[in-house]
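Trainee: how would this look folded up:
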Amino acid sequence: MRYGGDNRGRLLIIVLIVTSLFLITLDLRGVQVIDGLRTGTQTALTPVQKAGSWAISPLRNFLSDVTSLGRTRNKIERLQAENDKLRLSLQNRKNADALLKQLQGVLDLAGTAGYKVVGAKVISQGSTTSFTQSITIDVGSNSGVRSNMTVLSNYGIVGVVKYVYPNSALVQLASDPAFRIGVRIAGSQQIGIMSGQGTRRGVLQLLDNRTRIKEGDVLLARGSQGGRPFVPGAPIGSVTDVDNSPGAVTQTAEVKFYTNFSTLGVVAVVVSGEGTDPRDALVPPKPIPTPIPTVTVFVTPSPSPTN
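Mentor: Residues are numbered from 1 along each chain as shown. Just a heads-up that it's a prediction; the model follows:
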């Protein structure tokens with residue numbers, strides 16, 4: 001039995017060798033037998049390959065998405081951080097430009113009046129134990145600031161220095177209900193007393209009832225002896241409403257301050273204003289009204305109908 005099995009194995013090997021030599025011979029002579037077998041095999045396997053590819057493709061895509069998800073999240077976080085940094089930089093630039101504009105305005109105002117000033121930055125704002133309306137500035141006695149000095153914005157009166165420290169000072173705002181300042185009306189030179197009301201509105205009380213005031217009149221600081229606490233000529237505000245009640249001993253009026261106390265960023269302390277009176281030189285220019293455009297329409301008459 002073993003001998004017969006060995007003969008069959010040898011015969012099979014011989015058949016395979018002969019077949020291989022035959023196929024090689026045909027291929028060398030140009031007969032496309034191998035290509036046909038290869039093509040047939042590929043044709044038979046194509047559906048199987050497509051099915052395998054269809055089954056594996058979602059898995060491959062899922063693994064690819066999972067791999068790229070971390071990179072995408074990191075990229076988004078990095079872009080958000082850069083965006084926040086740019087936004088903060090832009091906001092700081094806008095704030096710096098606004099402060100620079102305020103500083104330029106107050107220096108122009110002081111230069112026109114001939115006041116000697118020290119620029120200061122507002123570091124806090126709010127009520128204190130002494131005043132309901134006040135600000136703290138970042139200059140003090142080391143910069144020549146003293147109590148009872150006038151404080152200006154780029155629009156006019158802010159208030160008066162009350163308490164001074166080496167590197168800071170407390171300023172009572174003109175809007176404080178306890179604030180009082182002697183004023184005069186630009187042009188007519190009528191004098192009165194201006195009082196704060198806790199808002200951007202103040203109340204004016206004229207000392208002479210013979211002269212009439214009207215809406216739009218500009219109020220300027222009358223000034224104090226030696227320029228303290230108030231220098232003369234500093235703008236305060238304009239009249240918005242007049243109370244001419246019959247029988248009133250004095251005239252009163254509502255005034256809107258030029259300075260917006262809630263947006264103060266930079267101010268100036270007048271450290272020397274004695275002997276300087278700009279009179280009406282600091283009256284703000286009135287805005288030029290925008291002209292209303294006119295349109296001229298030319299009408300051409302229609303010819304009369306003829307019978």
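
Trainee: so how far is stretch 126-142 from its chain's centroid?
Mentor: 26 Å (Cα atoms, centre = their mean, to the nearest Å).

Trainee: Kindly tell me how buried S153 is, as a neighbour count.
Mentor: Neighbour count for S153, taken as other Cβ atoms under 10 Å: 25. Where you see a C-beta, it was placed from the backbone N, CA and C, and this is true even at glycine.

Trainee: Hmm, I typed the wrong one, I wanted I135.
Mentor: 23.

Trainee: Look up the residues forming beta bridges with it.
Mentor: With DSSP bridges as the criterion, I135 is bridged to Q125, V171.

Trainee: And it, how far from G187?
Mentor: Plainly put, I135 is 31 Å away from G187 if you go by Cβ to Cβ, to the nearest Å.

Trainee: repeat for I157
Mentor: On the measure of Cβ to Cβ, I157 and G187 end up 18 Å apart.

Trainee: When these two are compared, which one has more neighbours?
Mentor: When neighbours are counted by other Cβ under 10 Å, I157 comes out ahead of the other of I157 and G187, with 27 against 11.

Trainee: Tell me if I'm right that that one and I181 touch.
Mentor: Yes - with contact defined as Cβ atoms under 8 Å, I157 reaches I181; the gap is 7.1 Å.

Trainee: which neighbours do these two share?
Mentor: Jointly contacting I157 and I181 under the rule Cβ atoms under 8 Å, 6 or more residues apart in numbering are A174, A221, F230, I236.

Trainee: residues near the first one, how many?
Mentor: A count of nearby residues for A174, using other Cβ under 10 Å, gives 27.

Trainee: can you check the one 10 residues further on too?
Mentor: Other residues near R184 come to 21 when the count uses other Cβ under 10 Å.

Trainee: Quick check: which element contains it?
Mentor: Using DSSP states H and E, R184 maps to strand 180-185.

Trainee: A120: neighbouring residues, count only.
Mentor: A120, neighbours per other Cβ under 10 Å, totals 25.

Trainee: S124 too?
Mentor: S124 has 12 neighbouring residues, counting by other Cβ under 10 Å.

Trainee: Where does the prediction get shaky in the chain?
Mentor: Residue ranges of the chain with pLDDT under 70: 1-6, 9, 15, 18-70, 90, 92, 245-248, 274-275, 287-307.

Trainee: I'd like to know how far the residue most central in space within it sits from T211.
Mentor: Against the mean C-alpha coordinate of the chain, by Cα atoms, centre = their mean, the closest residue is Q91 at 5.1 Å. Separation of Q91 from T211 (Cβ to Cβ): 49 Å.

Trainee: now swap in R71 and tell me
Mentor: From R71 to T211 the distance is 79 Å (Cβ to Cβ).

Trainee: So between those two, which is more surrounded?
Mentor: Neighbour comparison, R71 and T211: the larger count goes to T211, with 12 against 9 (by other Cβ under 10 Å).

Trainee: show me the residues around the closest residue to the more buried one other than its chain neighbours that make contact.
Mentor: Once flanking residues are discounted, T211 sits nearest to Q190: 4.9 Å by Cβ to Cβ, 6 or more residues apart in numbering. When contacts are counted by Cβ under 8 Å, 6+ apart, Q190 is found next to R184, L206, D208, T211, I213.

Trainee: could you pull out the strands for the stretch 51-200 of the chain?
Mentor: In the stretch 51-200 of the chain, the strands defined using DSSP state E, counting those that start in this stretch lie at 116-126, 134-137, 150-152, 157-165, 168-173, 180-185, 191-196.

Trainee: can you list the residues that contact the fourth one?
Mentor: With contacts defined as Cβ under 8 Å, 6+ apart, strand 157-165 is touched by 130-131, 134-135, 140-141, 145-152, 169-174, 176, 179, 181, 221, 229-230, 234-236, 257-259, 261, 264, 267, 269.

Trainee: Adjacent strands (with direction) for that strand?
Mentor: Strand 157-165 sits in its sheet next to strand 150-152 (antiparallel), strand 168-173 (antiparallel), going by DSSP bridges.

Trainee: tell me the most buried of the strands of the stretch 51-200 of the chain?
Mentor: Here the criterion is mean neighbour count by mean count of other Cβ atoms under 10 Å, and of the strands of the stretch 51-200 of the chain the winner is strand 150-152, at a mean of 28.
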